[in-house]
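Asks: what's the 3D shape of this:
(2 chains)
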Amino acid sequence: MSVKVILLALLLLPADSLVLFGQATPSKEAEIERHQQLVQQYLSQQRPDLAIPELKALVALEPENADVRANLGVLLFFRGDSAGAVPHLRAAVKAKPELWKIQGLLGLAEGRSGDGDASRQDLEAAFPHLTEEKFKNEVGRALMDNYTATGDLEKAASVASALLAAQPTDKSLLYTAYRLYSDLADKTMLTLALTAPNSAQMHQVMARELARHGDETPAIANYREAIKIDPKLPGAHFELGSLLYNSTDEKLKAEAEAEFKAELALDPNNEKAYVMLGMISAKRGDTKAAYDYYSRALQLQPDDGDASLEMAKLLVTMNQNEKAQQLLEHAIQIDPSDSVAHYRLGTLYRRQGKTEEANKEIAEYKKYKEMKDQLQKVFHDMRVDASQKNSDDADLPK
Amino acid sequence: MTCVSMLARKILMTQICLSKRAVFSAAVLSLVLMLSVQGRIYCQVGQKTSHQSPASGAASADIPQLVDITASTGIHFNHLSTPEARYIVESMSGGVALIDYDRDGYPDIYFTNAQNVEMALAGKKAKSALYHNNRDGTFTDVTDKSGVGYPCWTMGAVVGDYNNDGWPDLLVTCFGGIVFYRNNGDGTFTDVTKQAGLGGDTAWATGASFGDYDGDGWADLFVAHYVDFHINDLPTFGSRKTCQYHSVPVQCGPRGLKGFRDNLYHNNGDGTFTEVSKQAGVDDAQGFFGLTAVWSDLNEDGRLDLFVANDGEPNYLYRNDGGGRFTNIAYQAGVAVNEDGSEQANMGVALGDYLHTGRFSIAITHFSEEYAALYRNDGDLNFTDVSHASGIAQSTTSYVGWGDAFIDLDNDGWPDFFMVNGHVYPQVNVAGIGTKYREPKLLFLNQHNGNFRNISQDAGPAIQIPQVSRGLAVGDLFNDGRLELVVENLEGAPMILRPEGGPRNHWISFALQGTKSNRLALNARVRVTAGELVEEDEVRSGGSYLSQNDLRLHFGLGKHESVDKVEIIWPSGAKEVLSQMSSDRFYTLQEGKGIVSSHAVGSSSAPHP
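Replies: I've put the predicted structure just below:
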């Protein structure tokens, strides 16, 4: 066992736990003190193998001492004796329920000992109280594995979300979360397919899946079928409208507007639909209609970044730069990575002679634009297999 | 949420924001990415426009009809092409130049031509052509006599007078550098490329433009370069993702290929040029895919700025800081990328004061699935993308645009907008996306309020004929006060369009001669005031798509029979004001002397600088 592990083990307990042994008779007290000293000595010499018998002796002398039980459990766990560690850790937690780290360790030990139910109980109890990132991560992952093993994907996903909140860029965690969310989506889709195969919702799901694979025509057909089955299906008109709006087929694109309007007929508070109608109007050159749509969207949701940005773009064409600037600044508050908002704000700052601020915004624009471009490149490259990549290189002029 | 995750979210959600209650899935990302078409297409999700068919309706008496008069001109030029266009270099030629090489006051026409790869490998050349204007509506092929038939694998051509002898010289851009022809003044030209110090320019040159950026009275030269392309090391047709268009194999590039840097040549005033690109700060170190370049004093500070359109890359707007130094401020100025911060496939460039603000706005043609962009000049080098608000964008997204121009076709005093189109890939016909290789031209009528109306289907059948057009040059070929449009096509014959009918408005035309300024008065500005009309224009070298317009400035005057005031700002900084000038006449104005000649319509000796 390495020093690092020993230190980690000790960190699981309060700093003074090794000297807080209970009351005893003088001779017993002397024996306890001797074992205690030896424990400290062996640990300082990085010899947990020698410390463990001493702790066991202490347990024999004071079986109710939670700290001794905890320390012994910790050392046994890190020596790989999970089954041996469990009773000691459990006793410690029973005596001192606030020992969250010990309970987390107990959950891990139980899991490794094959007692999944007990493991889940202890991990669940400890997880919300853990603050040390590394240990919380380990407990959280064990808990996610436990949930996944029994098909409790929703619970596993909630743990993943909690961990991601603290570690949003952790590669391993991101993958785990991705896997969980996609499994959850698959599970949901299968359940829907089994229970309501001809429902409007099933067609809506299929439409999304088809769109995901770029199958525009069948995706649109499924949306239309979903709406035919349930004309009041929440969100269906909006989703269909978005798909149509982004179509390269001009005829299909022209059909988007009606869908957004249909969505608003069902849900007059859908500010996203107002934004889309505003964009359609703006591209048509109908400034007044676009202004009205964006205004309504912002009235419904002042913190809608897209509404803020699109309205700002429109205002610039109308020479209302001051209002546009405020909206762009707000859009960036909402989403600091909004490259377009940075770009447009940079141009407005320059008009006011704020060269430094303008340059800063343009630099931000370039930074986020580059990140976005790189991301697209990553996805592109991943879709091309290695042989194709080699072939590509061979085709490049020297 | 961190910026990284916010960005990821944004990419996922941008524009395909499904139900606000719905969970956004990777499905959306897939869709977004699939919409990023390869090649020149850098379509931006969220900026897609609803294509409006050109306005339909019967021809109106208010709208001139553009009539194809090519057959009657006696021009039999034929631009070579290949049916498959397997290489990008076979798709980019076709600039056309109006040059009054004999100074008889009537614009002559130079058509560029280009061989294909197969021909080039076999040592064969394509013949460009110079047509002399016979002043009677016809032209005569004078190529052989003039000596400008075989400059190179030609892309485009522009006019300048590098030695200030008054005879317009011709610079030809080539796949393989530039060729500079000195006008000998006797109907012939001499290739002076090497002796002028321009022989070192051997890359794929595209847009060029003469302009006196340092105000020394000698026109300097900027040359944009496109792809670092070599005929002995060709990319394989259809082989890579960047060689496919909507999954159909096509020529490779420019995306996926390497770009080439641009060059600025300072005119030494002794018949030679010195390359000063790097020290001037316009060397395009990143090697963007440069196409059209234009000099113009866009912030009216008396110094020439430079705009360079880059294909699929951010444009350059070089602010002239004086002292021979420039700073690229395209992003800050709002012209590097479109309103959504996205690069577009920038091709042709037109400058014009379409709003009567006295400032030149910039119109840029683009690839299909993008839109022709109109950047409104708000002053002090600030621009706003008003493509949609102005009514230009909607009708242009289906087409690949090339040459473009602000041209007052009805002489009402407000510049209209014209653009020619034609796809790059012949294979697009089988892609099943509704876009075709041959495309019609588009005409937009200025509504006098910042908006344009698409009148393409009201201006006669000629411009609705689909062609693979490239170059466009505008000028009054017949000195009758109507501006003709000379369109060079990649495939076969050009098309010369003449406006007929429409309102019978008045006009005035100026030929400028610099004395202290460069002789052709390049970038001299003229402001014409006629009643409520206050128009401004500038003499420019280059522009459109690798083309050259008539150097004379033409102003429509509406119903005004005279002009109250004409203000000229010469490149030297000198200002002259003339007043009470009759309409429907051609004037020659010389720096420091005012009017040196004046001719009415039909004169056989209409002026030329």
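Asks: For the stretch 351-500 of chain B, just list every one of the strands.
Replies: B:361-364, B:373-379, B:382-385, B:401-407, B:416-421, B:442-446, B:452-454, B:469-475, B:484-489, B:495-500 (DSSP state E, counting those that start in this stretch).
Asks: Out of those strands, which is closest to chain A?
Replies: Set against chain A and scored by C-beta to the nearest C-beta, the strands of the stretch 351-500 of chain B come closest in strand B:382-385, at 5.0 Å. Using the backbone N, CA and C atoms, a C-beta is placed for each residue, glycine as well.
Asks: wouldn't A:H88 be in contact with A:A66 here?
Replies: No: using C-beta atoms under 8 Å, A:H88 is not in contact with A:A66, being 9.7 Å away.
Asks: So for those two, which sits in the more crowded spot?
Replies: The neighbour comparison of A:H88 against A:A66 (other C-beta atoms under 10 Å in any protein chain shown) goes to A:H88, with 26 against 22.
Asks: The nearest residue to the more buried one once chain neighbours are set aside is in what secondary structure piece?
Replies: Distances taken as C-beta to C-beta, 6 or more residues apart in numbering or on different chains put A:G73 closest to A:H88, at 3.5 Å, once the chain neighbours are dropped. For A:G73, the element it lies in under DSSP states H and E is helix A:66-78.
Asks: other SSEs contacting that helix?
Replies: helix A:3-11, helix A:48-61, helix A:82-95, helix A:100-112 (3 or more C-beta pairs under 8 Å, 6 or more residues apart in numbering or on different chains; DSSP states H and E).
Asks: and these, which is most packed in?
Replies: The highest average neighbour count among the helices and strands packed on helix A:66-78, using mean count of other C-beta atoms under 10 Å in any protein chain shown, belongs to helix A:100-112 at a mean of 26.
Asks: Who are the contact partners of B:P151?
Replies: Neighbour list for B:P151: B:S128, B:V172, B:C174, B:V179, B:Y181, B:D191 [criterion: C-beta atoms under 8 Å, 6 or more residues apart in numbering or on different chains].
Asks: and what of A:Y291?
Replies: Taking C-beta under 8 Å, 6+ apart, one finds A:G278, A:M311, A:L314, A:M318 in contact with A:Y291.
Asks: Filter the residues you listed down to the ones in helices?
Replies: The helices, defined by DSSP state H, take in A:G278, A:M311, A:L314 from the contacts of A:Y291.
Asks: Which member of the residues you listed is positioned nearest A:D249?
Replies: Lowest distance from A:D249 to these (C-beta to C-beta) belongs to A:G278, with 22.2 Å.
Asks: gap between B:D104 and B:F510?
Replies: Distance, B:D104 to B:F510, using C-beta to C-beta, to the nearest Å: 17 Å.
Asks: before we move on, what about A:E98?
Replies: 92 Å.
Asks: Determine the angle, from 0 to 180 degrees, between the helix holding A:G73 and helix A:100-112.
Replies: On the basis of axes from the mean of the first three to the mean of the last three C-alpha atoms, to 10 degrees, helix A:66-78 is oriented at 40 degrees to helix A:100-112.
Asks: my guess is B:E84 meets B:P426, correct?
Replies: Yes: at 5.9 Å, B:E84 and B:P426 qualify as touching, with contact defined as C-beta under 8 Å.
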